[in-house]
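In: Give the three-dimensional model of this entry:
(3 chains)
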Amino acid sequence: MTLGEIRGILGAIVITQRTDMDREIGRAYCADLMSDVLAFSVTQSLLITGLTNVQVVRTADVADIKAIVFVQGKRPDLDTIETANSKNIPLLVTNLSMFETCGRLYENGLRSATGDTP
Amino acid sequence: MTGSSDGVFFLTGKDFTNAGSASSNLKSILENMGIPADIVRRASIAAFEAEMNAIIYAVAGMLSYSITPEAVKVTLQDMGPGIPDIDLAMKEGYSTAPDYIREMGFGSGMGLPNIKKNTDKLTVNSVVGEGTTLEFVIYLEGPPPQTS
Amino acid sequence: MKLSDLIEQMSLELKTAETDLTREVTSGYVSDMLSDVIANAREGSVWVTFQSHLNIVAVASLKGISGIILVNGRIPAEETIKKASAENVPIMTTSLTAFDLVGKLYALGLRCR
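Out: From the prediction side, this is the model:
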């Protein structure tokens, strides 16, 4: 599904600039621990997290993650948003809980990256 | 890919604002050299984990890299507490991180195992009370044949 | 639904013996941040996480969480299992990712709030 559809399902707002809402997202993964994100090499996926520090964006960059959704209305600071802009990683914010976010996206057909090889 | 390259990044302990930026920069360098995407990702992930370990635990560190047509080599030398039991540290889920580190999203105990998983060769040397030197290699053409 | 039903429906593996599986699971919570769980999780919820540090047991006890499900095939350390058994906090594991497991719990009708 596209980022635009994800935004609609979650009632999310986009906080990065010039974001391509037609970007295709094929998988999703939720985590708050960055090494776990890297351990499962969930490349090309959507990362759902409650952690808003700049390392989330750096982790996403290193792991080739396609976009990040922050849950519970949590917003990263301006430096983090700027880093995401420069790396072309879309950031979305939803007021939903992580549980609700995962539930709704799964209901709409999104699945996790399975295993660690693409 | 174009030629060879080497360089160094200096890391400051507990500098979480910049943590991960050295690996990010290394990733850009690798991409600009035309290194295959899979190798770029593995090297970036391994460098990131090594960099985070140094920043979380050490006072300072130095990440140096050397890229040749044969391999990507990264060395991380830190001035930190050292690792008393390296085998234990290599176990998935084993973590010595204090709680505040976990609250920042680190310290899940996957760092060293992640480095091992993504690289072809890994050596870790450590002196408790002095620091740790970690070196990994990723071969561009695949690992050299093993001699039994 | 009862925790024991959940274990069966989700094909979870139980890691703690002699913990109470008859308790009702009234909601679900997914997070790896202890501070977040302490602030937001509800009593009777089932907690989905990849975090296997010993502290998860204390947090689960404190919040009256009905059970902890560790994802991605995470195997909890012996000391975590021992503490969980002693505190009557059931720990279960699954090879599914948190996203997929939560998706299935949601499909069963479990909610967060």
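
In: Now do the same for the most centrally placed residue in chain A: helix, strand or coil?
Out: The residue lying closest to the centre of chain A (Cα atoms, centre = their mean) is A:Ile68, at 1.9 Å. The three-state label given to A:Ile68 by DSSP: H, G, I helix; E, B strand; the rest coil is strand.

In: same check, this time on B:Glu51
Out: Here B:Glu51 is recorded as helix under three-state DSSP.

In: pretty sure it contacts B:Gly20?
Out: Yes: contact criterion Cβ atoms under 8 Å: B:Glu51 and B:Gly20 qualify, at 6.4 Å. To be clear about C-beta, it is placed using only N, CA and C from the backbone, and glycine gets the same treatment.

In: residues touching the closest residue to B:Ala58 other than its chain neighbours, list them.
Out: Nearest non-adjacent residue to B:Ala58, counting by Cβ to Cβ, 6 or more residues apart in numbering or on different chains: B:Gly80, 2.8 Å away. Residues counted as contacts of B:Gly80 (Cβ atoms under 8 Å, 6 or more residues apart in numbering or on different chains) are B:13, B:54, B:57-59, B:61, B:131-132.

In: Next: C:Val25.
Out: So C:Val25 contacts C:1-3, C:6, C:44-46, C:66-67, C:110 (Cβ under 8 Å, 6+ apart).

In: the strands in chain C, which residues?
Out: Applying DSSP state E to chain C gives strands spanning C:13-14, C:27-30, C:45-49, C:67-70, C:91-93.

In: Please disregard the earlier target; I meant chain A.
Out: All strands of chain A, identified by DSSP E, fall at A:13-14, A:27-30, A:45-49, A:67-70, A:91-93.

In: May I see those strands organised as JSON lines, with distance to C:Tyr106 added?
Out: Below are these laid out as JSON lines (distance: least, Cβ to Cβ, whole Å):
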{"stretch": "strand A:13-14", "distance to C:Tyr106": "23"}
{"stretch": "strand A:27-30", "distance to C:Tyr106": "12"}
{"stretch": "strand A:45-49", "distance to C:Tyr106": "13"}
{"stretch": "strand A:67-70", "distance to C:Tyr106": "16"}
{"stretch": "strand A:91-93", "distance to C:Tyr106": "19"}
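
In: helix or strand for B:Asp87, which one?
Out: B:Asp87 is located in helix B:86-89, with elements delineated by DSSP states H and E.

In: before we move on, the earlier item: output the contacts of B:Gly80 as CSV; include the columns secondary structure, neighbour count and distance to C:Arg74.
Out: Listed next are the contacts of B:Gly80 as CSV, based on DSSP: H, G, I helix; E, B strand; the rest coil; neighbours: other Cβ atoms under 10 Å in any protein chain shown; distance: Cβ to Cβ, whole Å:
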residue, secondary structure, neighbour count, distance to C:Arg74
B:Gly13, coil, 16, 29
B:Ala54, helix, 27, 26
B:Tyr57, helix, 22, 23
B:Ala58, coil, 21, 27
B:Val59, coil, 14, 32
B:Gly61, strand, 26, 29
B:Gly131, strand, 21, 31
B:Thr132, strand, 25, 26
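
In: pLDDT for these - can I get that in a markdown table?
Out: Output for those, formatted as a markdown table (pLDDT from 0 to 100):
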| residue | pLDDT |
| --- | --- |
| B:Gly13 | 94 |
| B:Ala54 | 95 |
| B:Tyr57 | 93 |
| B:Ala58 | 94 |
| B:Val59 | 94 |
| B:Gly61 | 96 |
| B:Gly131 | 95 |
| B:Thr132 | 96 |
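
In: Of those residues, which is the nearest to B:Asn114?
Out: If you rank these by distance to B:Asn114 using Cβ to Cβ, B:Ala54 comes first, at 14.6 Å.

In: Disregarding flanking residues, what is the spatial nearest neighbour of that closest one?
Out: Nearest non-adjacent residue to B:Ala54, counting by Cβ to Cβ, 6+ apart: B:Gly61, 3.5 Å away.

In: what bridges to that neighbour?
Out: In this entry, B:Gly61 is beta-bridged to B:Leu11, B:Asp78, by DSSP bridges.

In: contacting residues around it?
Out: B:Gly61 touches B:10-11, B:13, B:51, B:54-55, B:76-80, counting by Cβ under 8 Å, 6+ apart.

In: ok, 10 Å please
Out: Residues in contact with B:Gly61 (Cβ atoms under 10 Å, 6 or more residues apart in numbering or on different chains) are B:9-13, B:22, B:50-51, B:53-55, B:76-80, B:131-134.

In: follow-up on the earlier one: would JSON lines of the strands of chain C with mean neighbour count, distance to chain A and mean pLDDT be doable?
Out: Output for these, formatted as JSON lines (neighbours: other Cβ atoms under 10 Å in any protein chain shown; distance: least, Cβ to the nearest Cβ, whole Å; pLDDT from 0 to 100):
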{"stretch": "strand C:13-14", "mean neighbour count": "14", "distance to chain A": "18", "mean pLDDT": "96"}
{"stretch": "strand C:27-30", "mean neighbour count": "26", "distance to chain A": "5", "mean pLDDT": "97"}
{"stretch": "strand C:45-49", "mean neighbour count": "26", "distance to chain A": "8", "mean pLDDT": "97"}
{"stretch": "strand C:67-70", "mean neighbour count": "26", "distance to chain A": "11", "mean pLDDT": "97"}
{"stretch": "strand C:91-93", "mean neighbour count": "23", "distance to chain A": "15", "mean pLDDT": "97"}
